[in-house]
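>>> Output the structure for:
(2 chains, ligands or ions: 3)
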Amino acid sequence: MSWNAIDRKTVPAEEMGPGISEATKEKIRSFFPRYPSKQACMLPALHIAQDELGYVSLQAMRDIAQVLELPPAAVMDVVSFYTHFWTHPRGEKMLMLCRSLTCELLGSEKLRARIEEKLGIGDHETTPDGKFSFMTEECLAACDHGPCLMVNEKMHKCVSVEDVDRILDDPASDRLDIPRSDTYDAPPKA
Amino acid sequence: MPKITIDGKTVECRENIPVLRAALEAGFEVPHYCYHPGLSVVASCRLCLMQMKMPHPKTKELDWAPKLFPSCQTPVKDGMEVKFDSQLVHNNTNHVMEYYLINHPLDCPVCDKAGECYLQDYTEDYGPATSRMVEEKNKNPKKDIGSQTLLYQDRCVLCTRCVRFTQEVAGTSELTVINRGNRGEIDVFPGEPLENPLQANVVDICPVGALLDKNFLFQQRVWLLKPTKSVSPADARGSTVYIDVNDDRVWRIRPRFNEKVNEWWISDESRFSWQHVHSPDRLNIPMIREESALRPTRWPVVQEQIRAQLNTVASDGGSRVAIVLSPMMSCEEAWLLASFVRQSAPQATFVIGYVPVEGTDQTFPKGFVISAEKCPNRRGVETVIEQAGGPSASWDEFLTKAGGGEYRFALVTGGYPKAWIDSTLADTLRKIETVVLHDVWASALDDHLWLQLPSATWVEREGSFMNADGLVQPFDRALKPLDGVVGDGQFYYELAGHQGLFRSRKVRELMAAELPTFGEVFVPREEPEYAH
Ligand code: SF4
Ligand code: FES
Ligand code: FES
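Ligands and ions are numbered 1, 2, ... in the order given. Below is the predicted model:
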């Protein structure tokens, strides 16, 4: 057993990662009127930051903490609670495979094996060329069409092992008509 | 006062407290981790569950409800009936304990908390003797989270006491829970360590050995330590503490509950205020000037010399005599010295000694205060001086007069945790012909002293301090004085002409005749341990 302790008192500057832009901060602030407190804006703030950077860097957590007037530890608490937020850079396409019961019964394990074999990466990892990241998720809320695989915000249902190859090769596998990230923006004024 | 029935026994309890607290105060043993009376209630550890009588939904008659309730989150209500000693409750405790032990390492032999660990105690009382788990344990890292503390994450039971402490009492929120479920960990934000003036309290309230005090790490097994009830000399608040000693050495200081002053907490200043006690630089031999040098002498000689000298210089009543009473002295010591001097030198000036002040008072969210005045007994010494009557002076007035050559003789007491006489002060005091210094440290004034008397630290003395709010609190002696040193109380006791052993209680009785304030000292109420 090692008695060495990890140093949490200091952090090398390069591990802090990029911060969020002024525009992103402004966007977060625009959400304040909708919530009873600044703290309550935490989740939208994290989504907005992840949309800008692709992940939530330590610096981004600090920036958000500043905007929401919270200790940075409180932001880290939430980020680490949800698997949805990444704390290191993600690939261009994010593959999210459902690992919950229905999909599992309908064969999600085989899909996982195929993805891992084809891309050579495991859960929460990114291919060296930066094209794909992979993670498993709890129920994606489409159990009646399992097994389910999301590519960025696009849901693929009833996916077979053969479909995996096709989806991975298809450059438009994540195309959506209305990106979900728009749905938590204020509705356009009529 | 509400009356409730616990396990068939009716107990009276204080209003508005949780059943858990009432049960513990009444002497019942109820396991608990997350509840702490000084913190908000989260009811997350599930160890304190109890059975409770509720109106039956159909018959409306009172009956035992089928589900268990967290006793830490259920306030007492007159007439309520609860049960801790039942199969249902025991089953819960046993199962919860088994869960806690799934990932806990069996490293008690190298764990500082062993002996006062509530995982050990509860496992012995309620847990399984062997593990049914065949899976590998989660191995969590050890983390260096601040200048005073280490976090051994694999021992943590995630009670979140430490997190709530930093949020609610210190108000600094450095600690938090990261990840989720059985992957949960306590952590700080990288680069934002646990640094606040109350930080080391998290070590006390951690029910297991997860949070550790770096100063105490691997120093002692706790069952070897002998606690002494004392009062912190670190500031004018007078926080009550335990001094833990073994082998003639202090190993740590812990808070002692005090409903009027510090509740369950102490500042780090108080906690680490003992380091100077074992400094190799401390004076330990009384010295007297012979010809041009200070030479060792014996304590009885010192007393004779002071009496004789005082008789000579105070032949006019003592108008050129100054006695500096340090705010580090106990009330008893100050009184003994003052009453002795008043007999032979009614015109001697009593001076309240140097009062170290740093910044301003610091108040924390739940009301904990760290006083800017870094000495324990200014008010007590002032009270004694006032009562003694006759001439008195403030420290500044004394310095001005001393600089102007107005005094021929001065007895100066120190006792501060670090050397305090710098060269400017020494130059001023040099204007006094004959100086006796009763202090812990050598100083720039030594070449001028007539008598240099080593003083004992508060750990080696007994007495009482009056805090900034006028509360008189007694402290006991934890160690015998350093070899060669006579306790300050004993010295002044004999100087004042008393025989035998100095006992602060006896002296307070004498004092009370003139100063009723000292007739009664404040002793805090005994609190249950609350798993720490
Ligand atoms: S470190 Fe100690 S006080 Fe903090 S959550 Fe873990 S067991 Fe509780
Ligand atoms: S179980 Fe996979 S979508 Fe619900
Ligand atoms: S649930 Fe009551 S003490 Fe933890």
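
>>> which residues of chain B fall in helices?
Counting by DSSP state H, chain B has helices at residues B:19-25, B:87-102, B:118-126, B:161-164, B:201-205, B:268-271, B:299-313, B:331-344, B:378-388, B:395-403, B:423-429, B:488-495, B:504-514.

>>> helices or strands next to the fourth one in the packing?
Under the contact definition 3 or more C-beta pairs under 8 Å, 6 or more residues apart in numbering or on different chains; DSSP states H and E, helix B:161-164 sits against strand B:175-178, helix B:201-205. In short, each C-beta sits where N, CA and C put it, glycine included.

>>> Deepest-packed of the ones you listed, please.
helix B:201-205 (a mean of 25; mean count of other C-beta atoms under 10 Å in any protein chain shown).

>>> model confidence over that one, on average?
Helix B:201-205 shows an average pLDDT of 97 in the prediction.

>>> what comes into contact with it?
Outside helix B:201-205, the residues that touch it by C-beta atoms under 8 Å, 6 or more residues apart in numbering or on different chains are B:36, B:39, B:148-149, B:161-162, B:165-166, B:169-170, B:175, B:194, B:211-213, B:216, B:254-255, B:264-266, B:532.

>>> Show me what from chain A comes close to chain B.
Residues of chain A found near chain B (C-beta under 8 Å from any C-beta of the partner chain) are A:1, A:3-11, A:15-16, A:58, A:61-62, A:71-77, A:80-81.

>>> which residues touch A:Ser173?
Neighbouring residues of A:Ser173 by C-beta under 8 Å, 6+ apart: A:93, A:151, A:154, A:156, A:167.

>>> Would you mind confirming that the last one is in contact with A:Val159?
It stands for A:Ile167. Yes - if you go by C-beta atoms under 8 Å, A:Ile167 and A:Val159 touch, sitting 7.2 Å apart.

>>> Have a look at those two and say which one is more surrounded.
A:Val159 (25 against 19; other C-beta atoms under 10 Å in any protein chain shown).

>>> Not counting sequence-adjacent ones, nearest residue to that one?
Leaving aside its chain neighbours, A:Val159 sits nearest to A:Leu149 (4.8 Å; criterion: C-beta to C-beta, 6 or more residues apart in numbering or on different chains).

>>> do B:Val42 as well
Counting by C-beta to C-beta, 6+ apart, the nearest residue to B:Val42 once its immediate chain neighbours are dropped is B:Cys34, at 5.3 Å.

>>> ok, how many other residues are close to that neighbour?
The number of residues packed near B:Cys34 is 25, by other C-beta under 10 Å.

>>> Hmm, B:Leu49 and it touching each other?
No - counting by C-beta under 8 Å, B:Cys34 does not reach B:Leu49; the two are 12.0 Å apart.

>>> Okay, B:Pro70 and ligand 1: tell me how far apart.
Relative to ligand 1, B:Pro70 is positioned 17 Å away (criterion: C-beta to the nearest ligand atom, to the nearest Å).

>>> wait, what's in contact with that residue?
B:20, B:43, B:46, B:48-50.

>>> let's see it at 7 Å
Neighbouring residues of B:Pro70 by C-beta atoms under 7 Å, 6 or more residues apart in numbering or on different chains: B:43, B:48-49.

>>> With B:Pro255 instead?
Counting by C-beta under 7 Å, 6+ apart, B:Pro255 touches B:204, B:239, B:241, B:262, B:264-266.

>>> closest to ligand 3 among these?
Lowest distance from ligand 3 to the contacts of B:Pro255 (C-beta to the nearest ligand atom) belongs to B:Trp264, with 15.6 Å.

>>> For stretch B:409-426, measure first residue to last.
This stretch, stretch B:409-426, spans 15 Å end to end (C-alpha to C-alpha, to the nearest Å).

>>> How about stretch B:173-182?
When the termini of stretch B:173-182 are compared using C-alpha to C-alpha, they are 23 Å apart.

>>> what's in contact with it?
Residues outside stretch B:173-182 that contact it (C-beta under 7 Å, 6+ apart) are A:71, A:73-74, A:76-77, A:80-81, B:138, B:158, B:160, B:162-163, B:166-167, B:184-188, B:192-194.

>>> And stretch B:373-384, by the same measure?
With contact meaning C-beta under 7 Å, 6+ apart, stretch B:373-384 is reached by B:231, B:233-236, B:238, B:325, B:327-331, B:334-335, B:338, B:352, B:355-358, B:465-466, B:468, B:470, B:515, B:517.

>>> Out of the residues you listed, list just those in strands.
Using DSSP state E, the subset of these located in strands is B:231, B:325, B:352, B:465-466.

>>> Tell me which two in those residues are the farthest apart.
Using C-beta to C-beta, the pair of the ones in strands among the contacts of stretch B:373-384 lying farthest apart is B:Val231 and B:Ile352, separated by 19.3 Å.

>>> More neighbours: those two, which one.
Applying other C-beta under 10 Å to B:Val231 and B:Ile352 shows that B:Val231 carries more neighbours, namely 30 against 22.

>>> Skipping adjacent residues, who's closest to that one in space?
Leaving aside its chain neighbours, B:Val231 sits nearest to B:Phe475 (4.3 Å; criterion: C-beta to C-beta, 6+ apart).

>>> any idea how far B:Ser230 is from the one you found?
Plainly put, B:Phe475 is 4 Å away from B:Ser230 if you go by C-beta to C-beta, to the nearest Å.

>>> for B:Gly389, same thing?
B:Gly389 sits 32 Å away from B:Ser230, going by C-beta to C-beta.

>>> who touches both of A:Ile167 and A:Val159?
A:Leu149.

>>> Roughly how far does B:Asp483 sit from chain A?
Distance check for B:Asp483 against chain A: by C-beta to the nearest C-beta, to the nearest Å, it reads 37 Å.

>>> Next, the nearest residue to that residue once chain neighbours are set aside: phi, psi?
Counting by C-beta to C-beta, 6+ apart, B:Asn284 is the residue found nearest to B:Asp483 once chain neighbours are left out, at 6.3 Å. B:Asn284 adopts backbone torsions of phi -140, psi 10, taken as degrees, to the nearest 10.

>>> next one: B:Thr457
Dihedral angles (degrees, to the nearest 10) for B:Thr457: phi -80, psi 170.

>>> Spit out the contact partners of it.
Applying C-beta under 7 Å, 6+ apart, we find B:Thr457 in contact with B:276-277, B:440.

>>> Repeat that for B:Ala442.
By C-beta under 7 Å, 6+ apart, the contact set of B:Ala442 is B:Leu283.

>>> What is the neighbour count of whatever residue of chain A ends up closest to ligand 3?
Residue of chain A nearest ligand 3, by C-beta to the nearest ligand atom: A:Asp77 (19.9 Å). Applying other C-beta under 10 Å, we find 21 residues neighbouring A:Asp77.

>>> do the same with B:Pro528
By other C-beta under 10 Å, the residues close to B:Pro528 number 17.

>>> Quick one, grab the pLDDT at it.
Each residue has a pLDDT score; the one for B:Pro528 is 92.
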